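> Could you work out the structure for the sequence below:
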Amino acid sequence: MTTHRLFQLPRTSVARKSRLAFVALATLAAAACSDTTAPIHPGEASTAVAPAAKPARTPYISDFQLHSIYIDIAPDGTYDNGYELTVSNPGQKTDGVYFQVDLQQGTNIEDGGGSSLYCSSVAGVLPRGTCRMTWWVSSPTYPFVRGPARLTIRLLQIQNDGPIVTLDSRTVDVEIVHS
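Have a look, this model is predicted:
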């Protein structure tokens, strides 16, 4: 009776080395597949991941609309230097909040006015939610001349320990005119 081998190589030295390499490779593969460590539950991982820190929820300018892009040097009623300011506060009540407008033309910068926010019975106190105010830009003086300029409104807060922090700002292009 003849026995057939499934994997039979000729009996040469190359064949013997190939057979040994095959056995060694099979042994390594079997060893690599055996895992004697117990499975780890995801909650038992050794490295904990900290949750991401939530960003601070500070007040911000949600809308700013000039009544006109023209800022009059000598307002006589021809142009309206007013604006609508909407401030949103997604966090808790915030104290010491006000806004400031600056006009810039070239290297000249001038105070365009500002005020505490009047969104509650106490000036400068911004409750949670939205506050809308109407205000006006103070007329610029010399050395401002007719022509293009930039208007920046900044939402500011006086901190309890003294420093002033800019919470938000918006800048728009305007035209200085003389009526």
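
> Report the next helix or strand after the worst-scoring helix or strand of the chain on mean pLDDT in sequence order.
Within the chain, judged by mean pLDDT, DSSP states H and E, the helix or strand with the poorest mean is helix 13-33; its value is a mean of 54. Secondary structure here is assigned by DSSP states H and E; on that basis, the next helix or strand after helix 13-33 toward the C-terminus is strand 60-66.

> Show me what counts as buried in that next one.
I61, F64, L66 (16 or more other Cβ atoms under 10 Å). Using the backbone N, CA and C atoms, a C-beta is placed for each residue, glycine as well.

> Leaving out chain neighbours, which residue sits closest to the last one?
Nearest non-adjacent residue to L66, counting by Cβ to Cβ, 6 or more residues apart in numbering: Y83, 4.8 Å away.

> do the same with the second one
Nearest residue to F64 in three dimensions, chain neighbours excluded: R170, at 4.7 Å (Cβ to Cβ, 6+ apart).

> Next up, phi/psi of that neighbour, please.
In this entry, R170 is assigned phi and psi values of phi -140, psi 140 (degrees, to the nearest 10).

> so what's it up against?
Taking Cβ atoms under 8 Å, 6 or more residues apart in numbering as the criterion, R170 is in contact with I61, F64, T152, I153.
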